[in-house]
Structures are given as structure tokens and as C-alpha cells.
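[1] could you work out the structure for the sequence below:
(one chain, ligands or ions: 1)
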Amino acid sequence: MIRDITCIACPLGCEIKVEDTEKGYLITGYTCLRGKDYALQEVTDPRRILTTTVAVEGGVLPLLPVKTDKAIPKDMIFKCMEEINKIKVKAPISLGDVILENILNTGANLVACRNLDVRK
Ligand code: SF4
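    Predicted structure coming up:
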């Protein structure tokens, strides 16, 4: 089977083909090794940075943008969202604050993407 993968490691967006052969994966179409690594990871262990928001108590905004500080397994995204949806953080919050540590043992922390002051 051949999978077509668009590399997202840089804006060039190379079209990479990954063929599952008896001798292993045959990867073609990449321009650099980052693309080859990305394509291999995409077929063996696809991962994504999770970006979303969490509810804020007492802040100038009702929602805080957050993201994981590293890519997590793609098949864990919905389970992580269930955990994240239970969270309500209290203002003030600083950019980079860890909102949830080692989310579901993925090794990734959920961190704040902005400062958020207290509502006056
Ligand atoms: S293979 Fe290399 S050059 Fe092509 S999109 Fe990926 S990172 Fe960019």
C-alpha cells in the first residue's frame, strides 16, 4: 500500500509517498531528511500539537488559549480534550504557565499561550 503524505515540516509542502514493502517502508518525494522523518512518524506514530482553550475564572477573558508543549499521539487527542474540558483556571495567568502537567501520561504539558489578567 502507498500513502501520500504532504510534509508539514516547512512551507514547501513536499508531496511524499510511503510504500509499505516487505523490506520496510520505501519513502520517496522528500527534499530533506526532516520530511523523511516526518513521513515515517506519520505512518508509524502520528502525533499532533493540541491547541484549544480552557475556561477561566475571574479573568478579563472567559477563555485561555492553551497548547501542548510537544506533539501527542493523534489517537489521544479526544481523551486529552475530555480532561482539558474539565479544567477551569483562575486568573491571573502568565504566558507559558503549566495548566496541566503530563496530560494523560503523554509526557506533554498543557501550557498557557498568553498572559491573562484579573477582571477588575
Ligand atoms: S521534505 Fe523538507 S523541504 Fe520538503 S516540506 Fe518537508 S521539511 Fe520542507
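[2] what about residue 20, distance to residue 8?
    21 Å (C-beta to C-beta, to the nearest Å). Placement of C-beta: from N, CA and C, glycine included.
[3] meant to ask about residue 61
    For residue 61, the distance to residue 8 (C-beta to C-beta) stands at 29 Å.
[4] quick one: residues contacting residue 79.
    For residue 79, the contact set (C-beta atoms under 8 Å, 6 or more residues apart in numbering) comprises residue 104.
[5] can you tell me the element it falls in?
    Using DSSP states H and E, residue 79 falls within helix 77-84.
[6] what's the following helix or strand after that helix?
    Where DSSP H and E defines the elements, the next helix or strand beyond helix 77-84 is strand 88-90.
[7] for that following strand, name the packing helices and strands.
    Here strand 88-90 touches strand 51-57, going by 3 or more C-beta pairs under 8 Å, 6 or more residues apart in numbering; DSSP states H and E.
[8] report the angle between the strand it packs on and helix 77-84.
    For strand 51-57 against helix 77-84, the angle by axes from the mean of the first three to the mean of the last three C-alpha atoms, to 10 degrees is 10 degrees.
[9] what comes up buried for strand 51-57?
    For strand 51-57, the neighbour count (16 or more other C-beta atoms under 10 Å) marks 52, 54, 56 as buried.
[10] can you check stretch 79-86 too?
    Neighbour-count burial for stretch 79-86, counted by 16+ other C-beta under 10 Å, picks out 80, 84.
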